[in-house]
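**Q** this is the structure alone, sequence omitted:
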Ligand code: NAI
Ligand code: MG
């Protein structure tokens, strides 16, 4: 197949890890006889330096016509001046909104060989395999903000259709997995959560009678995610709750450097990126873990290109590399850790053998 992939390396370790993900996609391309074109564009701090804007129109236009977008990360101390009129993160929010990417999928499946990297006891982590579906373009992050001299407010608003579409996406995913959906809200206090719960209940009853729906309040969810993570399959929740719960969930896997994400809307393209940021503390040192970016490329193959076998192949190659102890410093600690290049090579080696 032919696919047009836009690559947005961004800032900090973004270019280092997206280069690894592109190499993995190129290995798939030659092993399976596909033709992928990779077109690089600017976003974030790199775009501000070159054009003064965090998301240049040319980048958004290229993304709109692409089959998929692979993103690194944006931001860093260079662009963090609170008085700056434009910030790298604005580029990311504008990209998500501009492409209508309302569902952010974050799978968490701790790797057996890397359980020691998690602060959670290994016996609680064995068999954990969950996906958080976070609503990405609504709620309090996008509501009206106001500031008076002695107060401030952020409006949290959700429409029925915004809840319907993300619950539907989560229901489809649950159906393909173990058939269990947990909807997280704060319906004992918030009106938006009462709407969320009503709509989730109706969508599942009408469209997914074959899956089980459970409602969970966000505060106890934060606790259960650590005490009994194995019990969850698909978790769907609103924007801010999802933001917080997914950072918490990343600790089940042990390192941010292991976790991919997909941001999807109704049309194409999806945006695929590691859940981590630009890691300025380790940028340019060649030690960033490329696994989150490579697994994001696997999600791109699966969700945007429909290439399930190829996605499986990349995921298995990553698993084998981890099984063989190919650990970067975020997993290994200060011992015999390897760098980004060697960790990428370990995955590619298994990719060539498998495909
Ligand atoms: P971060 O995710 O960049 O780093 C947190 C910690 O995890 C750091 O110690 C870092 O070295 C480590 N880490 C992250 N990814 C790693 C990898 N692949 N391999 C090894 N270690 C890794 O979060 P932080 O430090 O809060 O933010 C840094 C910058 O990134 C900020 O400007 C922030 O706004 C931005 N950011 C951007 C995101 C995005 O582009 N989607 C998401 C989160 C933060
Ligand atoms: Mg976050």
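**A** It's in. Computed from a predicted structure; not experimentally measured. Ligands and ions are numbered 1, 2, ... in the order given.

**Q** C-alpha only now, for contacts and for neighbours.
**A** Will do.

**Q** flag the shaky bits of the stretch 1-150 of the chain, pLDDT-wise.
**A** The model of the stretch 1-150 of the chain has no residue with pLDDT under 70.

**Q** what ranges does it have for its helices?
**A** Remark: helices assigned in the stretch 1-150 of the chain by DSSP state H, counting those that start in this stretch are 14-32, 44-51, 57-65, 88-98, 122-125.

**Q** same list, those, but as a markdown table with mean neighbour count please.
**A** A markdown table is the format used below for those (neighbours: other Cα atoms under 10 Å):
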| stretch | mean neighbour count |
| --- | --- |
| helix 14-32 | 21 |
| helix 44-51 | 20 |
| helix 57-65 | 16 |
| helix 88-98 | 19 |
| helix 122-125 | 15 |
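
**Q** format the ones you listed as CSV; extra columns: distance to residue 177.
**A** CSV is the format used below for these (distance: least, Cα to Cα, whole Å):
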stretch, distance to residue 177
helix 14-32, 25
helix 44-51, 35
helix 57-65, 30
helix 88-98, 26
helix 122-125, 19
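
**Q** got the ones you listed as TSV, with distance to ligand 1 columns?
**A** Output for the helices of the stretch 1-150 of the chain, formatted as TSV (distance: least, Cα to the nearest ligand atom, whole Å):
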stretch	distance to ligand 1
helix 14-32	7
helix 44-51	8
helix 57-65	16
helix 88-98	6
helix 122-125	21
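
**Q** quick one: closest of those helices to residue 150.
**A** Among the helices of the stretch 1-150 of the chain, the nearest to residue 150 by Cα to Cα is helix 88-98 (26.4 Å).

**Q** list the contacts of the closest one.
**A** By Cα atoms under 8 Å, 6 or more residues apart in numbering, the list of residues contacting helix 88-98 from outside reads 43-45, 48, 53-55, 60, 74-75, 79, 102, 136-137, 263.

**Q** need the pLDDT of the closest residue to ligand 1 within the stretch 101-250 of the chain.
**A** Relative to ligand 1, the nearest point of the stretch 101-250 of the chain is residue 247 (9.7 Å; Cα to the nearest ligand atom). pLDDT recorded at residue 247 is 88.

**Q** now do the strand or helix carrying it: which elements does it pack against?
**A** Using DSSP states H and E, residue 247 maps to helix 239-253. Helices and strands touching helix 239-253, by 3 or more Cα pairs under 8 Å, 6 or more residues apart in numbering; DSSP states H and E, are strand 103-108, strand 130-135, helix 218-227.

**Q** could you check the angle strand 130-135 makes with that helix?
**A** 160 degrees (axes from the mean of the first three to the mean of the last three Cα atoms, to 10 degrees).

**Q** how close does the residue most central in space within the chain sit to ligand 1?
**A** By Cα atoms, centre = their mean, the chain has its centre lying nearest to residue 261, at 2.0 Å. Per Cα to the nearest ligand atom, to the nearest Å, residue 261 is found 10 Å from ligand 1.

**Q** do residue 13 as well
**A** When residue 13 is compared with ligand 1 (using Cα to the nearest ligand atom), they lie 7 Å apart.

**Q** quick one, what contacts that residue?
**A** Contacts of residue 13 by Cα under 8 Å, 6+ apart are 72-73, 278-280, 282-284, 288.

**Q** filter the residues you listed down to just the buried residues.
**A** Buried subset of the contacts of residue 13 (neighbour count, 16 or more other Cα atoms under 10 Å): 72-73, 278-279, 283, 288.

**Q** nice, that's everything, thank you.
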